[in-house]
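>>> return atomic coordinates for the entry below.
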Amino acid sequence: MQRLYDFIRRHPTGVDVFWAVFLLGLSGMSMVSGMYDAGREEIVAVPVALGLSTVVALRRRAPERMLLLAILVGFVQLVFDVRPGIGNFAMLVITYTVATVGERWASRLALVCSLSAAALSQLRWEAEPGGSWVQVIFVTIIMTVPFVLAWVLGDSLRTRRAYFDQLEERAARLEREREAQSKVAVAAERARIARELHDVVAHNVSVMVVQADGAAYVMDAAPDQAKQALETISSTGRQALAEMRRLLGVLRTGDAPESGEYVPQPDVEQIEDLVAQVRQTGLVVDFKVEGTPRPLPSGVELTAYRVVQEALTNTRKHGGPDAGASVRLVYFDDGLGLLIEDDGRGAAHELYEDGGADGAGHGMIGMRERIGMVGGTLDAGPRPGGGFRISALLPLKPPG
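I've put the predicted structure just below:
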């Protein structure tokens, strides 16, 4: 049974041709049985039957044209006095078909013809000659109802199909939007992790390099200082590993957690520890906090820590051997201000003119992105009299 149903769905025109031949056979039997009198009426009835059978056979291939053909056949019947027969069932079929899949103008035309066909038939061929006008109206209404029902059924099916098509289109659009949002979220998460890794690696590795160079320089003359430098390298390395383990833990979401605890994200309170760590590398840093410290959003605290970390790292990389730096944290009513300055040689001009890409890293780019994500502002550039200045304002409330 399922195979038969599938075959019918795959060959709709073949099914229509079968019913058209069946309808033509019934019309031929009616003519043979003497429904039509010999003469002009019988001669015209043959092309009328063929035309109505053609309407059924091609109703799905060309519904609008078949509607016009059915109207033409009906007009021929009126003119040549060919009374309606079994073949006129094709007019019900084409009315339903046009209301379902035809153009809107064809559907409206089919409705108009459905409402007027019975009345025209009664005017041309009265069912009971000499009957009252009440009987004529009653018969007209009875004959009109099947045509109207066929049109209503077809139009309802058209509306239902349009509704399901709209649902499918909406589901497909939502699926595309969901995929696009997933890609954007993945890209944003990758960018965030890349910034975190850059800050962790750039800062801690630069500290380790400076300490290693110092230890190698004083290894023979001052073993105690060399030992202290090696201890600093060890603690800095452990801190870097802890932060990288935290980032890798984010990437391993869904996998079995490794043994050990992940350290929390850095905050404003740890900036003082960061400054102390930088001082151990030989860089003189003046650190001050102005205003009343208070809890800040986690995103603002992490951004403030990373901005100070990147600024001090750039000072060590570009400021020269005798550079000094200052870090100011200012608590305002509606935000947190950061001012990091150094009196060194200053960074390359491209670091602030082209957005931070100096060919060796993307520290300033990451800094601008971080501050932009929390709705803050950044001003970076050379300081009057030499050196480099980074000024940032971070709002307490996220953007939007």
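
>>> going on from the helix or strand encompassing Met143, what's the next piece of helix or strand?
Using DSSP states H and E, Met143 maps to helix 133-218. As assigned by DSSP H and E, the chain's next helix or strand after helix 133-218 is helix 223-251.

>>> tally up the residues packed near the residue lying closest to Leu69 once chain neighbours are set aside, please.
Excluding its sequence neighbours, the residue lying closest to Leu69 (C-beta to C-beta, 6 or more residues apart in numbering) is Val55, at 5.6 Å. Just so you know, the C-beta spots here come from the backbone N, C-alpha and C atoms, and that holds for glycine as well. Val55 has 29 neighbours, counted by other C-beta atoms under 10 Å.

>>> list the contacts of Val55.
The contact partners of Val55, by C-beta atoms under 8 Å, 6 or more residues apart in numbering, come to 20, 66, 69-70, 73, 90-91, 93-94.

>>> from these, which ones fall inside helices?
20, 66, 69-70, 73, 90-91, 93-94 (DSSP state H).

>>> and the residue nearest to Leu69, helix, strand or coil?
For Val55, the secondary structure call by DSSP: H, G, I helix; E, B strand; the rest coil comes out as helix.

>>> and the residue nearest the centre of this protein?
Taking C-alpha atoms, centre = their mean as the criterion, Glu177 is the residue nearest the geometric centre of the chain, at 1.0 Å.

>>> measure that residue to Arg170 for me?
10 Å (C-beta to C-beta, to the nearest Å).

>>> then His198?
From His198 over to Arg170 (counting by C-beta to C-beta), the distance is 41 Å.

>>> which of the two has more neighbours?
More crowded of His198 and Arg170, by other C-beta under 10 Å: His198, with 19 against 10.

>>> nearest residue to the more buried one in space, please, no chain neighbours.
His198 sits nearest to Gly366 (C-beta to C-beta, 6+ apart), 5.7 Å away.

>>> just checking, that neighbour touches Asp199?
Yes - with contacts counted by C-beta atoms under 8 Å, Gly366 reaches Asp199, the gap being 7.1 Å.

>>> what is in contact with these two at once?
With C-beta under 8 Å, 6+ apart as the test, Gly366 and Asp199 both reach 306, 310.

>>> surely Arg294 is within a helix?
No - going by three-state DSSP, the assignment for Arg294 is coil, not a helix.

>>> count the neighbours of it for me.
So Arg294, with other C-beta under 10 Å, has 9 neighbours.

>>> and the residue lying closest to it once chain neighbours are set aside, how many neighbours?
Spatial nearest neighbour of Arg294, excluding adjacent residues (C-beta to C-beta, 6+ apart): Tyr331 at 6.7 Å. Neighbourhood size, Tyr331 [other C-beta under 10 Å]: 16.

>>> and the pLDDT at Tyr331?
In this model, Tyr331 is scored at 91, pLDDT.

>>> so, low pLDDT: which residues of the stretch 1-150 of the chain?
34-41, 126-131 (pLDDT under 70).

>>> ok, now how distant is the residue nearest to Leu69 from Ala106?
Taking C-beta to C-beta, one finds Val55 at 13 Å from Ala106.

>>> likewise for Leu274?
77 Å.

>>> do Asp6 as well
30 Å.

>>> kindly report the same for Glu272.
In terms of C-beta to C-beta, Glu272 sits 81 Å off from Ala106.

>>> among these two, which residue is more densely surrounded?
A count of neighbours by other C-beta under 10 Å puts Ala106 above the other of Glu272 and Ala106, at 20 against 13.

>>> buried ones in the helix or strand that that one is a member of?
Element membership for Ala106, per DSSP H and E: helix 104-124. By 16 or more other C-beta atoms under 10 Å, the buried positions in helix 104-124 come out as 106-107, 109-111, 113-114, 117-118, 121-122.

>>> stretch 20-27 too?
So for stretch 20-27, counting by 16+ other C-beta under 10 Å, buried means 20, 23-24, 26-27.
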